[in-house]
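A.B. asks: Give me coordinates for this.
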Amino acid sequence: MIDLYTWTTPNGRKVSIMLEEVGLPYRVHPVNIGKNEQFAPDFLKISPNNRIPAIVDPDGPGGKSISLFESGAILIYLADKTGKFYPAEPTAHYMTLQWVMWQMGGFGPMLGQAHHFRRAAPEPVPYAIDRYTNEAKRLYGVIDKRLGEAEYLGGDEYTIADIITYPWAARHEWHAVDLDQFPNVRRWYDTVGARPAVQRGMAVPG
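C.D. replies: As a prediction, this is how the structure comes out:
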């Protein structure tokens with residue numbers, strides 16, 4: 001039984017979707033970041049960067065317990081553990097990894113800034129709102145182009161690249177992005193969102 005420490009954020013839902021997709025049993029431990037529970041000493045032992053998500057797998061490499069933080073690392077670990085959603089064929093493997101890194105380095109952080117300045121900043125900062133909203137739209141354009149070339153981000157198969165990106169795209173309204181302006185993203189978004197495991201993972205924690 002994997003222990004998942006998470007909250008109702010795009011990063012947290014990446015891991016719950018993956019766990020649902022691969023069918024591994026897991027137990028949810030909500031970490032309410034609105035109440036600063038991510039700073040609790042017991043959680044910091046698992047996630048020293050005081051961020052969700054994190055997991056503890058008692059059946060890790062060599063049968064020993066392992067704890068992991070950082071959503072990208074967790075998805076790669078779960079893919080390696082189960083042999084699912086991370087193609088072995090070299091070109092597809094590295095295409096998938098490329099888009100995982102793109103999400104971790106750009107699509108998540110930049111959209112997170114758009115969230116903050118559009119919704120959470122104590123007072124409006126017009127420059128920051130414009131900067132990060134425009135960057136969000138640019139990034140949606142990047143994946144729209146990619147999804148005009150391939151069915152999924154990694155290529156012909158649904159992979160961890162899609163799993164890691166979908167929860168951020170699910171907040172497109174927060175980014176002032178109309179998916180009808182990005183028809184390839186819309187097609188992909190509807191396809192991924194129709195998967196039962198994605199729907200279950202997006203509801204965690206309930």
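A.B. asks: what about stretch 38-52, start to end distance?
C.D. replies: End-to-end distance of stretch 38-52: 7 Å, with CA to CA, to the nearest Å as the criterion.
A.B. asks: Identify the residues contacting that stretch?
C.D. replies: 5-7, 9, 11-12, 31, 33, 37, 54, 56, 67, 69-70 (CB atoms under 8 Å, 6 or more residues apart in numbering). In this view, the C-beta of every residue, glycine as well, is placed from N, C-alpha and C.
A.B. asks: which strands and helices sit next to the helix or strand hosting residue 147?
C.D. replies: In the assignment (DSSP states H and E), residue 147 maps to helix 126-149. Counting contacts by 3 or more CB pairs under 8 Å, 6 or more residues apart in numbering; DSSP states H and E, helix 126-149 packs against helix 108-115, helix 183-193.
A.B. asks: now those helices as CSV including mean neighbour count?
C.D. replies: Formatted as CSV, these follow (neighbours: other CB atoms under 10 Å):
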stretch, mean neighbour count
helix 108-115, 20
helix 183-193, 17
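A.B. asks: Reformat those into a markdown table and put mean pLDDT next to each item.
C.D. replies: Shown next, in a markdown table, are these (pLDDT from 0 to 100):
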| stretch | mean pLDDT |
| --- | --- |
| helix 108-115 | 94 |
| helix 183-193 | 98 |
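A.B. asks: which one of these lies closest to residue 97?
C.D. replies: helix 108-115 (15.6 Å; CB to CB).
A.B. asks: Checking residue 8 next. Helix, strand or coil?
C.D. replies: coil (DSSP: H, G, I helix; E, B strand; the rest coil).
A.B. asks: Helix, strand, or coil at the spatially closest residue to it that is not a sequence neighbour?
C.D. replies: Nearest residue to residue 8, sequence neighbours excluded (CB to CB, 6 or more residues apart in numbering): residue 205, at 6.6 Å. When classified by three-state DSSP, residue 205 comes out as coil.
A.B. asks: how close does residue 205 get to residue 198?
C.D. replies: Separation of residue 205 from residue 198 (CB to CB, to the nearest Å) stands at 16 Å.
A.B. asks: Over to residue 10?
C.D. replies: 13 Å.
A.B. asks: now swap in residue 29 and tell me
C.D. replies: For residue 29, the distance to residue 198 equals 21 Å [CB to CB].
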